[in-house]
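1. I'd like to go over a predicted model; first the sequence, then the structure.
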Amino acid sequence: MWRVPRQLCVRVARGGKLSGPRHRPAAFMSTLLINQAQYAWLKELGLREENEGVYNGSWGGRGEVITTYCPANNEPIARVRQASVADYEETVKKAREAWKVWAEVPAPKRGEVVRQIGDALREKIQILGNLVSLEMGKILVEGVGEVQEYVDVCDYAVGLSRMIGGPILPSERPGHALIEQWNPVGLVGIITAFNFPVAVYGWNNAIAMICGNVCLWKGAPTTSLISVAVTKIIAKVLEDNKLPGAICSLTCGGADIGTAMAKDERVNLLSFTGSTQVGRQVALMVQERFGRSLLELGGNNAIIAFEDADLSLVVPSVLFAAVGTAGQRCTTARRLFLHESIHDEVVNRLKKAYAQIRVGNPWDSDVLYGPLHTKQAVSMFLAAVEDAKKEGGTVVYGGKVMDRPGNYVEPTVVTGLAHNASIAHTETFAPILYVFKFKNEEEVFAWNNEVKQGLSSSIFTKDLGRIFRWLGPKGSDCGIVNVNIPTSGAEIGGAFGAAHRETPHEM
């Protein structure tokens, strides 16, 4: 998040508020969930039938108007006017101008502003969690928990704001010292995915802010209401502190806005969370201009259970990691390697556990499993199941679309595939678990590492020697390395966490 600053030469013309929303037919507006009594709480977040999706100190937007839908029933929630290219240009200019103010604020005072953002999120945590559940589709406890992650990283950032330093090094010249000082990079672009529409932005935003950077956010179009609601909370804190709103700017939009951010030399660092395919394109565009990127891409996470594993830990951990968020986490367990001596017993226990999963509307507090995010995700789920069958896999549980409104599919367990089956080496954002038998430690460690995606991995064993081999250079080649806990449930993040050979080990 740092670099030696250079002179900024961007001037910003004074501008009024961006154009407001156009009128929509009353009949259509009446069908929006936001106008139904049980969803009146949405208006407490400052949302309305048609929302402006651009913020740079004032709200507006001159791009396409999109409708966001509830994955649990595919009913329209509300509408958001996206950013146009002109909106993007104006917002970048205002953000760069805001940096001149923000970079001069002492780091501890920047930390105080971030603390206030965390407190403001705390006040809205339940209602914002409800929105995450409604628009993204994850169960309520996960929606609230995601907002809590943003709060937690704000707390972490506040501490860091008083610890930013640099070493004093010996000089070769008498009477001199070398002082290493870290300066802000400037404008940090943040492109986030649908599956963690609050937390991923928070991880980037809180740290970037205390370091003296300004942020430009583009969330996933399908979770635009969440982006707007979170930005409204932040904007109020900035306003109360008499700071430029463009310190935390928002440009809701699609690929055109994302491409503009990737190619824009004024975006000093670009953080992208999403698919490996798109991330590769982003990396090339940023590198082409010699920019800096921070990428969190695919994961094909494995759990390994050895013959000495405690099965009372293995089964619920696999269930949590494979089925949580309907298989749409970056850290979802997609491969399960079982020692041949326990394979059949664990599979039978898993089938019984899967049969007890409570399915329903994700905002109901007793529900443990909700829908996939989009209809397209349902189609990808079905295609993956068919591919697994063609490669010799047997569906021992699930494999079908549920007969109910919304984007619900059955959590699925597949056995009988070869460890190197192409479908098992493909990340499918769906609750499909591929189960394999293994004979010994050497082969299963190799199988864990043979996929192109990294991120998270876990073993279940009581053997201390094996644990340290797993954590060592010949063990897991993943970002997050776990022992006797699931692959999912990562905390605020350490040094890395998005690809091979990254992140501290976790136990």
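-> That came in fine, so what should we check first?

2. On the three-state scheme, whatever residue is furthest in space from the centre of the chain is what?
-> With distances taken from the mean C-alpha point of the chain and given as Cα atoms, centre = their mean, the most distant residue is P174, at 50.6 Å. Look at P174: counting by DSSP: H, G, I helix; E, B strand; the rest coil, its state is coil.

3. try V144
-> Using three-state DSSP, the secondary structure recorded for V144 is helix.

4. Any buried residues in stretch 385-392, and which?
-> Neighbour counts over stretch 385-392 (16 or more other Cβ atoms under 10 Å) mark 385, 387-389, 391 as buried. Using the backbone N, CA and C atoms, a C-beta is placed for each residue, glycine as well.

5. mind exporting that stretch as PDB, just the C-alpha atoms?
-> What follows is the C-alpha trace of stretch 385-392 in PDB, where atoms were taken according to Å, rounded to 0.1, in the frame of the first residue of the first chain:
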ATOM      1  CA  VAL A 385     -22.100 -32.900 -12.000                       C
ATOM      2  CA  GLU A 386     -22.500 -34.300 -15.500                       C
ATOM      3  CA  ASP A 387     -18.800 -33.900 -16.200                       C
ATOM      4  CA  ALA A 388     -18.000 -35.700 -13.000                       C
ATOM      5  CA  LYS A 389     -20.200 -38.600 -14.100                       C
ATOM      6  CA  LYS A 390     -18.600 -38.700 -17.600                       C
ATOM      7  CA  GLU A 391     -15.200 -39.000 -15.900                       C
ATOM      8  CA  GLY A 392     -16.200 -42.000 -13.900                       C
END
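
6. just for the chain, where's the confidence low?
-> Applying pLDDT under 70 to the chain flags the ranges 1-30, 490, 492-507.

7. can you pull out the helices in it?
-> Using DSSP state H, the helices of the chain run over 26-31, 85-102, 107-123, 125-135, 140-160, 199-210, 224-240, 255-263, 276-288, 311-323, 343-355, 375-390, 441-449, 464-471.

8. count of residues packed around the closest residue to K138 other than its chain neighbours?
-> With Cβ to Cβ, 6 or more residues apart in numbering as the measure, T325 is the residue that lies nearest to K138, at 4.9 Å, once sequence neighbours are left out. Applying other Cβ atoms under 10 Å, we find 26 residues neighbouring T325.

9. what residues are up against the residue positioned nearest the centre of the chain?
-> With distances taken as Cα atoms, centre = their mean, the chain has F196 as the residue nearest its mean C-alpha position (3.7 Å). With contact set as Cβ atoms under 8 Å, 6 or more residues apart in numbering, F196 has these partners: 146, 273, 329-330.

10. Among these, which one has the most neighbours?
-> Counting neighbours by other Cβ under 10 Å, the one among these with the most is C330, which has 28 neighbours.

11. tell me the contacts of the nearest residue to that one once chain neighbours are set aside?
-> With Cβ to Cβ, 6+ apart as the measure, G299 is the residue that lies nearest to C330, at 4.7 Å, once sequence neighbours are left out. If a contact means Cβ under 8 Å, 6+ apart, then G299 has 330-332, 334, 427, 453-456 as its contacts.

12. Quickly note the distance from the closest residue to L121 other than its chain neighbours to G129.
-> If you skip the residues right next to it in sequence, L121 has V151 as its closest partner in space, 5.1 Å away by Cβ to Cβ, 6+ apart. According to Cβ to Cβ, to the nearest Å, V151 and G129 sit 11 Å apart.

13. for I179, same thing?
-> Computed with Cβ to Cβ, the distance linking I179 and G129 is 45 Å.

14. So which of these two has more stuff around it?
-> For I179 versus G129, the count of surrounding residues by other Cβ under 10 Å is larger for G129: 22 against 10.

15. Contacts only, for the more buried one.
-> With contact set as Cβ under 8 Å, 6+ apart, G129 has these partners: 140, 143-147.

16. Buried members of the residues you listed into PyMOL, please.
-> One line in PyMOL is enough to select the buried ones among the contacts of G129; burial here means 16+ other Cβ under 10 Å:
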select buried, resi 140+143+144+145+146+147
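
17. export the contacts of G129 to CSV and tack on distance to T91?
-> Compiled in CSV, the contacts of G129 are given as follows (distance: Cβ to Cβ, whole Å):
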residue, distance to T91
L140, 33
G143, 28
V144, 30
G145, 31
E146, 25
V147, 25
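
18. could you pull out the strands for the stretch 401-507 of the chain?
-> For the stretch 401-507 of the chain, the strands defined by DSSP state E, counting those that start in this stretch cover 412-415, 432-438, 456-460, 480-483.

19. of those strands, which approaches D310 most closely?
-> Set against D310 and scored by Cβ to Cβ, the strands of the stretch 401-507 of the chain come closest in strand 456-460, at 6.8 Å.

20. which helices and strands does the closest one pack with?
-> For strand 456-460, the helices and strands in contact under the criterion 3 or more Cβ pairs under 8 Å, 6 or more residues apart in numbering; DSSP states H and E are strand 301-305, helix 311-323, helix 464-471, strand 480-483.

21. Could you please name the strands that strand pairs with and the direction of each pair?
-> Sheet partners assigned to strand 456-460 using DSSP bridges are listed as strand 301-305 (parallel), strand 480-483 (parallel).

22. okay, now the domains of this protein?
-> The chain breaks down into these domains under automatic domain parsing: 29-167+182-296, 301-483.

23. From Q148, how far off is L238?
-> Relative to Q148, L238 is positioned 22 Å away (criterion: Cβ to Cβ).

24. So between those two, which is more surrounded?
-> Here L238 and Q148 are compared on neighbour count by other Cβ under 10 Å; more neighbours surround L238, at 20 against 17.

25. which residue sits closest to G274 in space, ignoring its chain neighbours?
-> Leaving aside its chain neighbours, G274 sits nearest to A193 (4.7 Å; criterion: Cβ to Cβ, 6+ apart).

26. and E410, what does it touch?
-> E410 makes contact with 397-402, according to Cβ under 8 Å, 6+ apart.

27. ok, the residue lying closest to N420 once chain neighbours are set aside - contacts?
-> Closest residue in space to N420, ignoring its immediate chain neighbours: E450 at 6.7 Å, by Cβ to Cβ, 6+ apart. E450 makes contacts with 419-420, 425, as judged by Cβ under 8 Å, 6+ apart.

28. and what of R48?
-> For R48, the residues meeting the contact criterion (Cβ under 8 Å, 6+ apart) are 34, 78.

29. same thing but 7 Å
-> I34 (Cβ atoms under 7 Å, 6 or more residues apart in numbering).

30. For it, grab phi and psi.
-> Summarising the backbone geometry of R48 under the convention degrees, to the nearest 10, its torsions are phi -150, psi -170.

31. Switch the helices and strands packed on strand 456-460 over to a markdown table, and while doing so, append mean neighbour count and distance to Q287 to every line.
-> Below are these laid out as a markdown table (neighbours: other Cβ atoms under 10 Å; distance: least, Cβ to Cβ, whole Å):
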| stretch | mean neighbour count | distance to Q287 |
| --- | --- | --- |
| strand 301-305 | 28 | 27 |
| helix 311-323 | 20 | 33 |
| helix 464-471 | 15 | 32 |
| strand 480-483 | 24 | 26 |
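
32. any chance of the domains of the chain in TSV, plus distance to E491?
-> Written out in TSV, the entries for the domains of the chain read as follows (distance: least, Cβ to Cβ, whole Å):
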stretch	distance to E491
domain 29-167+182-296	8
domain 301-483	10
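
33. and of those domains, who's closest to G489?
-> Using Cβ to Cβ, these put domain 301-483 closest to G489, at 7.3 Å.

34. Excluding chain neighbours, what is closest to G327?
-> Leaving aside its sequence neighbours, G327 sits nearest to P431 (Cβ to Cβ, 6+ apart; 3.3 Å).

35. was I right about the one you found contacting T325?
-> No. With contact defined as Cβ atoms under 7 Å, P431 does not reach T325; the gap is 8.7 Å.

36. what's stretch 392-409 in contact with?
-> Contacts of stretch 392-409 (Cβ under 7 Å, 6+ apart): 71-74, 347, 351, 354, 359, 371-375, 377-378, 381-382, 385, 389, 410-417, 430-431.
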